[in-house]
Structures are given as C-alpha cells and as structure tokens.
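*Asks:* Starting from these lines, generate the structure:
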Amino acid sequence: MEDRRVVESSPKSVTDVLQQDVLFQTCSWRYRIPALLYIQQHSTILAFAEEREGGRDETAKVIVMRRGTYDGDKCRVEWDLMKKIVEAQLQGYRSMSPCPVYDEVDKKVILFFIAVKGNISEGQQIKERKNRARLCQVTSNDCGRSWSGVKTLTEEASQEWVTFAVGPGHGLQLNNETRSLVIPANAYWLLDDKNDPSQHPFCFVSDDHGQTCTWGKYLAKEVAGECQVAELSSGKKRMLYCNARSQGPYRIQAVSDNDGKNFDSSQEIKELVEPTKENGCQGSIIVFPRASNMMSDQDKCMLYSHPTGKKCRRCLGLYLNKDPSKPEKWSKPVVIYKGYCAYSDLQHMGVGPDSSPLFGCLFEFGCLSQYEKIIFCMFTLKQVFPCEC
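*Replies:* Residues are numbered from 1 along each chain as shown. Predicted coordinates:
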C-alpha cells in the first residue's frame, strides 16, 4: 500500500540548508518517531516513522517509510511515495520505535522495532509489572524496496524488565571482529521487589548479523531513557559511547569497553540541556571524520541534534564536539529551525559540494505543536559551523 504525502509549506531554516522536504504530514493519520538510515554504497536513504490513529503511544499502528535516492552531482535526494511496511507487524500487536541498521557484511537492511500487544500502554505495563512488548525485525536485501516476513527475537516474558523499547533512531554496526550490530534500547528494570521499576538505557547486541540478540547491563546511577550510541576510539582502544535522555536538566552519557555489554559509570553532560517541563526529549548523535582525507581516530567528531529549549521542546539545534570523549567539549548549539520540535535522527552522508561533511536530519516539527509534520533536511558542516571548517 502506498500513499502520497505532499505538503508545499515548509518552515524557514535559520541557517542555509541544501534541501528540505516534508516527508510525513499529520492529517487523518498522525506520524511520529522518525528514524533515518543512509546506505552509502547504494546512494539510498530510508526515512521511517510510526503511523498512528491519535497522539498517544498506544494509538500506533504500523511503521511507514519513504525511500530516497541521493544524486551526488545535483546534491539532492529524490523521494519515492510513502509505503506502509505491512510485513513489520504481528497479529494483535502494534508496531513502534523503528530502529534501522545496514549490515555491511550481509548487505542487508535490518529494521528492528517493538511490537506491543493491543492498546496496552506503557503505564499499564509498569503498573502491572508485566511486559507486553517484543523485539522484532524485518530485513531487506534491496535497500528497502521489499521486506521479509517478521521475525520475533524476544518473548514477552522477561524477569529483568516490565517493558522496553528500542532506539528510536538508527542502530550501529561495530568495527570489531564479529561486526556486531548494536541496537540502543531502554527499559523499566525491576531492580528489586520493594521499589517501583526504574528506567535505564542498555543495548541489544547481535554477533550473528541479526539472527539472535543478547542484552547487556543497564546504565546504572542516573535514571535515563531513550538513547543512541556511537563507536569511538582512543589510540588502540575502542569504546561504545551512549548518549541518553534524562528527566533532569542535563543529558546523560556513559562508555562501554566491551561493545555494549557493560557501561562505566554514567555522568551528566551540563553542556547539553533537557526541556524539563516535558521530561526531556530524545536526541540523535553521529560520529564522522572532519574531512574526507582524515581517517585516523583522532580526526573524528560528533554531531548531536536536539531541541535547545531548557523548559519546552522548541528550536531544533545542532551541537558539535571535536573531542567526543570529553563532555565539556560540546559547542554551544546552532539553531537550524525555530518553532516547536521534538525527536530527530541524524545520518552522515559523505562530503558535500563545499568539501565539508554532509548530513541528513529527519525531525518532528510544527507551528502549533511539535508533531504536525516530519521533515528531512540536508546540510553541510560548513553551513552550520563555518568557523570549524
């Protein structure tokens, strides 16, 4: 099933961008929870979202996508029509939290997501201490043109959490010996029988290209939620970096030296604020080389997208860190869109026409609320951070 969502009016970017398109627009259906994946080998970009009947999480129905082809000569993405991924469904369950990753070994896209039974809410699962979510996946061998049948990777019953979700946003393939797939996640963990479940990030890890998944230990200390991960290196040491949503005033970060199975003590990032009136917000991170001819680990930078408002989800901003292992090195935000905004997802797309790194960003935006439309924009590092190039 395909449907066209064409909207002529778009918000005005505060800074110059190479392209912007409204990919999903609220009308009879609502669209939330963006996820973005760029497949460089095929110049293909995939944009995912949840299609919902209403605003609440329990009204989610199916995952939708739009497939784009990037033309490097014109520096433009041409988008196909919207498509419902009907394969990504379990009977009697709603599909949520798209988290795509491209497996460079098996040359396939794996779309991880959760399937939640009926219209049972997260709050109800927490109250009853009974998990009704499953980790599922579908795969594509042709860059999103067609999809396999759904595969369930976890059963509902779990002694460790009362509910969980993956992403939202992209997953990651590591450069270790097994080329592990890492899927960021968060869960309400049952730490003991006396206290209520508490929310903590963790990672699903697959060492067999998505056939099976194990899960690591949660980030201890601070309570945190939705997260994304990136691979960093310091000399010969590889690290998995996690950046997580917090209900406090600042983001939370932690690192793992065993590919996401355990994380060191987490810490606040006081340079990255959360909108406290809305219990924080999801954000996206991506690691990239400063220039195409810089390939060493010391030449890697990190880009982060998130609302810049300290109280409410407003004004989408980008932050740059040229030394990602150090939280104090985050730059001040550069606002690229003014107005209401919420979830976002970033992808590095190579080198732009100005010879600086090129990025795509898929984000929620609106004039009256954060969730009126989901927009794709494409820009270079030099456009946003001209003094850093």
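*Asks:* give me every residue that touches the nearest residue to residue 214 once chain neighbours are set aside.
*Replies:* Excluding the flanking residues, the one nearest residue 214 by C-beta to C-beta, 6 or more residues apart in numbering is residue 205, at 5.6 Å. For glycine as for every other residue, the C-beta is placed from the backbone atoms N, C-alpha and C. Applying C-beta atoms under 8 Å, 6 or more residues apart in numbering to residue 205 gives the contacts 180-183, 213-216, 259-261.
*Asks:* Check which helix or strand residue 123 maps to.
*Replies:* Element membership for residue 123, per DSSP states H and E: helix 122-128.
*Asks:* which secondary structure elements does that helix contact?
*Replies:* Helix 122-128 sits against strand 161-166, with contacts defined as 3 or more C-beta pairs under 8 Å, 6 or more residues apart in numbering; DSSP states H and E.
*Asks:* Need the mean per-residue confidence for the strand it packs on.
*Replies:* Averaging pLDDT along strand 161-166 gives 93.
*Asks:* Tell me the first helix or strand C-terminal of it.
*Replies:* Tracing the chain past strand 161-166, the next element assigned as helix or strand by DSSP H and E is strand 172-173.
*Asks:* hang on, the earlier thing: show me the beta-bridge partners of the residue nearest to residue 214.
*Replies:* Beta-bridge partners for residue 205, by DSSP bridges, are residue 182, residue 214.
*Asks:* which one is residue 380 nearest to, not counting chain neighbours?
*Replies:* residue 352 (3.7 Å).
*Asks:* List the contacts of the one you found.
*Replies:* When contacts are counted by C-beta under 8 Å, 6+ apart, residue 352 is found next to 18, 75, 358, 379-382.
*Asks:* could those residues be laid out in CSV, adding secondary structure, pLDDT and distance to residue 92?
*Replies:* Shown next, in CSV, are the contacts of residue 352 (DSSP: H, G, I helix; E, B strand; the rest coil; pLDDT from 0 to 100; distance: C-beta to C-beta, whole Å):
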residue, secondary structure, pLDDT, distance to residue 92
18, coil, 92, 43
75, coil, 94, 45
358, strand, 97, 42
379, strand, 97, 42
380, strand, 96, 46
381, helix, 96, 46
382, helix, 95, 50
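*Asks:* Out of these, which two sit at the greatest distance?
*Replies:* 75 and 381 (14.1 Å; C-beta to C-beta).
*Asks:* Same drill for these two, tell me which one is more crowded.
*Replies:* residue 381 (24 against 16; other C-beta atoms under 10 Å).
*Asks:* doesn't residue 351 make contact with the more buried one?
*Replies:* No. Residue 381 lies out of contact with residue 351 (C-beta atoms under 8 Å); the separation is 9.7 Å.
*Asks:* Touching both of these two, which residues are there?
*Replies:* With C-beta under 8 Å, 6+ apart, residue 381 and residue 351 have common neighbours 357-358.
*Asks:* May I see the buried residues of stretch 204-218?
*Replies:* 204-207, 209-210, 213, 215-216, 218 (16 or more other C-beta atoms under 10 Å).
*Asks:* what's the farthest-apart pair in these?
*Replies:* Largest pairwise distance in those, by C-beta to C-beta, is 24.7 Å, between 209 and 218.
*Asks:* Can you check the distance spanned by stretch 214-230, start to finish?
*Replies:* Start and end residues of stretch 214-230 are separated by 18 Å (C-alpha to C-alpha, to the nearest Å).
*Asks:* same check, this time on stretch 119-137
*Replies:* 20 Å.
*Asks:* returning to that earlier point: could I get the buried residues of stretch 204-218 as JSON lines with pLDDT?
*Replies:* Output for the buried residues of stretch 204-218, formatted as JSON lines (pLDDT from 0 to 100):
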{"residue": "204", "pLDDT": "94"}
{"residue": "205", "pLDDT": "94"}
{"residue": "206", "pLDDT": "94"}
{"residue": "207", "pLDDT": "94"}
{"residue": "209", "pLDDT": "93"}
{"residue": "210", "pLDDT": "91"}
{"residue": "213", "pLDDT": "91"}
{"residue": "215", "pLDDT": "89"}
{"residue": "216", "pLDDT": "86"}
{"residue": "218", "pLDDT": "84"}
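*Asks:* quick one: which of those residues is nearest to residue 88?
*Replies:* residue 210 (14.0 Å).
*Asks:* excluding its backbone neighbours, what's nearest that closest one?
*Replies:* That would be residue 110: by C-beta to C-beta, 6+ apart, it lies 4.7 Å from residue 210.
*Asks:* Any figure for the gap between the residue nearest to residue 380 and residue 81?
*Replies:* According to C-beta to C-beta, to the nearest Å, residue 352 stands 27 Å off from residue 81.
*Asks:* what bridges to residue 78?
*Replies:* When assigned by DSSP bridges, residue 78 has beta-bridge partners residue 69.
*Asks:* so where do the strands sit in the stretch 251-389 of the chain?
*Replies:* 267-273, 284-289, 300-307, 314-321, 334-351, 357-366, 373-380 (DSSP state E, counting those that start in this stretch).
*Asks:* what's the closest of the ones you listed to residue 131?
*Replies:* Closest to residue 131 of these, according to C-beta to C-beta: strand 334-351, at 23.2 Å.
*Asks:* Return the set of buried residues in the closest one.
*Replies:* Residues of strand 334-351 classed as buried under the neighbour-count rule (16+ other C-beta under 10 Å) are 334-337, 339-349, 351.
*Asks:* which stretches of the stretch 1-150 of the chain have low pLDDT?
*Replies:* 1-10 (pLDDT under 70).
*Asks:* The same query, at a cut-off of 90, please.
*Replies:* By pLDDT under 90, the weakly predicted segments of the stretch 1-150 of the chain are 1-16, 26-28, 55, 129.
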